[in-house]
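J.: Okay, sequence plus prediction incoming.
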Number of protein chains: 2
Amino acid sequence: MADASRHDRTARQLRLLSDALDTGRLGPVRRLINTLSPAEIANLLESLPTPKRSLVWGLVDPEDDGEVLVHVGEDVRESLIAEMDPDELVAAVEDLDIDDLADIAEDLPDQVIEEVLRSMDRENRDRLEQVLTSLLTHEASTPINELIDDEQSAIAAGTGEREVANQFSDHDWVSAPVVDENNILLGRITIDDVVDIIREQAEHQALGAAGLGEDEDLFSPVGRAMRRRLVWLFVNLCTAFIAANVVGQFEGTIDKLVALAVLMPMVAGLGGNAGTQVLALTIRGLALGQVGASNVMILLWKELRVALFNGLLMGAVLGLIVLAWFRNVGLSMVISVALTANLLLAAVVGVTIPLLLKRMGFDPALGSGIFLTALTDSLGFFTFLGLATLLLLG
Amino acid sequence: MADASRHDRTARQLRLLSDALDTGRLGPVRRLINTLSPAEIANLLESLPTPKRSLVWGLVDPEDDGEVLVHVGEDVRESLIAEMDPDELVAAVEDLDIDDLADIAEDLPDQVIEEVLRSMDRENRDRLEQVLTSLLTHEASTPINELIDDEQSAIAAGTGEREVANQFSDHDWVSAPVVDENNILLGRITIDDVVDIIREQAEHQALGAAGLGEDEDLFSPVGRAMRRRLVWLFVNLCTAFIAANVVGQFEGTIDKLVALAVLMPMVAGLGGNAGTQVLALTIRGLALGQVGASNVMILLWKELRVALFNGLLMGAVLGLIVLAWFRNVGLSMVISVALTANLLLAAVVGVTIPLLLKRMGFDPALGSGIFLTALTDSLGFFTFLGLATLLLLG
């Protein structure tokens, strides 16, 4: 397995490191680290819990410090920077490429940035300042009068990173010039930066639906991890209250037929998982620019048909099992219909939530899973308990 | 917004296309398509529902057909290939790079592959056959006696694509030689292929947790989409029965205190969402090779502490609200304790499921979300209803 290979290598390095660190013999650790590229060291540091991470960070060759800082996620970078004094930091970052320096600048103390700017020549300082302000309207004070290669389109300064990645991917570029609004060359973006952007986007979708950011550190301090997750758990607490209130409206019905309490989580849960499938597909479509006003209704119509057929089939199976279990024909029919209805609602919700979040100016992925299950729970309970009240206790 | 830029462009193209297709005037459509790169055409085709997709596919310049086939996802590729006759297919793919041809070979009819092989010179035919067998033990019959550049490590034929992507990313390569077991050069992998691999991996994690593949077509035929989703919905139906059975054991308890039915979905749902956060973090750690035997216990210990603190805090808030709502001190205490317990269980399950799936030889992401909610539901119901039975009805 491909994954196993890197996994095994990192695991072996981690084991060697752990053993060496436990014995307190740092020589072998330093030798191991010095055989790795800065990106590999970054990967290793992200794999280490905080105390060992500090120790290993102290053993990295100072020449590699800057590149390692560029390659780690933001949370880990902050923890590494916190252990360095300003002089070390200046030495580590002053020889970085302008684009890398711009990437990590917001995590550096102001005095370090000022020191680095002072040590630069005028031309680089202007370029860095331009990148940092990220304003298309900021005029370059020392234009670099280099003309753009006619064969290669240029990227405008201020273009978002997702758009840059899409352009590289669409045109198989390995490098592209960046120009200001006067078509003056500011620098070049190279494919290695784009690979990093694409990785981050990937992680963003995977972690975003659960309400986490792509820079989340595997071993972040407990207090920090707690606070970030709490935000979404509190949102979830509020949505769960809405669902509980729906059930509360039907207390009398449940009191008369306790089997409803046994079966209602099935309707809600199946709707939640079916909706999650639609959600994942829609979020990917939005990220790739493939879902828009011209085709959203066609997508919804397709998902409604899938939901209808799956709902009828699963509803029939579930109905038969419920009939065998509770020997109640009415209950069996109610759960069949409620399941089909909830899968249809899940299709609508799965297509709609990311589009609504985007329309309202939010990230279409962020927290979408929590909003989806809130709706499939509430609507699932309402449909199932409502139908039962009407048809079984009428 | 960066995303908006490509999104808007694709949306504008889609609108223009839709309008032109509706009027039946195909000239403007053809002109629009011919301004796009093959990757952009692929993106556009993936955005179109089936009937319009067929129409537009017929308007693509035949010279671009091969490259477009390489860039679309597997499902869409199959639907495009189904509309071409063998001669068109041979003409479309015979000039592709060997690596691109190998990528799409499994979707081509056998007679087309044979025809393409016949039209190749001996050297390329041997290389293609070697790539298609993917066997390290297969000896090249016509060795290319080109020596490897000492400065660049070579990649062994048969190395998995995830590992290749990791090596490019770690070393900032833009190209790397591929060699067989005798160190004989078979060809080169270039960064544009790696960008595609990374995108696919990204989509794999995002869609895999919901039980979908990264090649899922936004507008796949309803029957096909139905069958794929049904597999996981049936798995989910089975796990939901387990949860329903847990609740069924406590029918007597619920009969005496219907408020339990109102509140039990909150305990289960909050556990599910908290567990999904841990799951997303663990799957990413596994994909990057950052989680292994040496640190999994430290990760688990961190997640348990986060869960404990969040559980105590959320449990206290929930307990107070339940006290105000139902005026029942015992019930309020039971739900506080049950929520904390379920968040602790969710942490264990979120770390464990991907590791267990991997240990058993499965993909750590695939269907993990469904297994997680199965456990957080069952265990959440058991803890809450079990504690209520012991403490409130004792």
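T.: Structure received.

J.: Below-threshold pLDDT in the stretch 201-350 of chain A: ranges please.
T.: For the stretch 201-350 of chain A, residues meeting the criterion pLDDT under 70 lie at A:202, A:205-206.

J.: Kindly recompute the last result at 80.
T.: Within the stretch 201-350 of chain A, the segments meeting pLDDT under 80 span A:201-218, A:220, A:287-289, A:293-294.

J.: separation between residue A:23 and residue A:29?
T.: 10 Å (Cβ to Cβ, to the nearest Å). Quick note: C-beta positions are derived from backbone N, CA and C, even for glycine.

J.: what about residue A:339, neighbour count?
T.: Neighbours of residue A:339 under the rule other Cβ atoms under 10 Å in any protein chain shown: 29.

J.: so where do the helices sit in the stretch 101-250 of chain A?
T.: A:110-119, A:122-133, A:161-171, A:191-208, A:222-249 (DSSP state H, counting those that start in this stretch).

J.: ok, the last one near chain B or not?
T.: Yes. On the criterion Cβ under 8 Å from any Cβ of the partner chain, helix A:222-249 is in touch with chain B at A:222, A:225-226, A:229-230, A:232-234, A:236-237, A:240-241, A:243-244, A:247-248.

J.: which of these are buried?
T.: Those of the residues of helix A:222-249 next to chain B that meet the buried threshold are A:222, A:225-226, A:229-230, A:232-233, A:236-237, A:240-241, A:243-244, A:247-248, by 16 or more other Cβ atoms under 10 Å in any protein chain shown.

J.: Quick check: the two most widely separated of these?
T.: The most widely separated members of those, counting by Cβ to Cβ, are A:222 and A:248 (35.1 Å).

J.: so how far is residue A:339 from residue A:312?
T.: Counting by Cβ to Cβ, the gap from residue A:312 to residue A:339 is 9 Å.

J.: ditto for residue A:100
T.: Look at residue A:100 and residue A:339: by Cβ to Cβ, they are 53 Å apart.

J.: Also residue A:23?
T.: Going from residue A:23 to residue A:339 by Cβ to Cβ gives 60 Å.

J.: Which segments of chain A make up each domain?
T.: With domains defined by automatic domain parsing, chain A comprises A:1-120, A:135-211, A:222-392.

J.: So which of those is the most surrounded?
T.: Of the domains of chain A, the one with the most neighbours on average (mean count of other Cβ atoms under 10 Å in any protein chain shown) is domain A:222-392, at a mean of 21.

J.: so how far does it reach from one end to the other?
T.: Distance between the two ends of domain A:222-392: 50 Å, counting by Cα to Cα, to the nearest Å.

J.: Can you give the distance from it to the centre of its chain?
T.: How far domain A:222-392 lies from its chain's middle: 23 Å, per Cα atoms, centre = their mean, to the nearest Å.

J.: what do you get for stretch A:24-38?
T.: Here stretch A:24-38 is found 32 Å from its chain centre; the criterion is Cα atoms, centre = their mean.

J.: So what would you say the end-to-end distance of that stretch is?
T.: Using Cα to Cα, the two ends of stretch A:24-38 sit 24 Å apart.

J.: which residues are contacting that stretch?
T.: Residues from elsewhere that reach stretch A:24-38 (Cβ atoms under 8 Å, 6 or more residues apart in numbering or on different chains): A:13, A:16-17, A:20-21, A:41, A:44, A:55-56, A:59-61, A:64, A:67-68, A:70-71, B:170-171.
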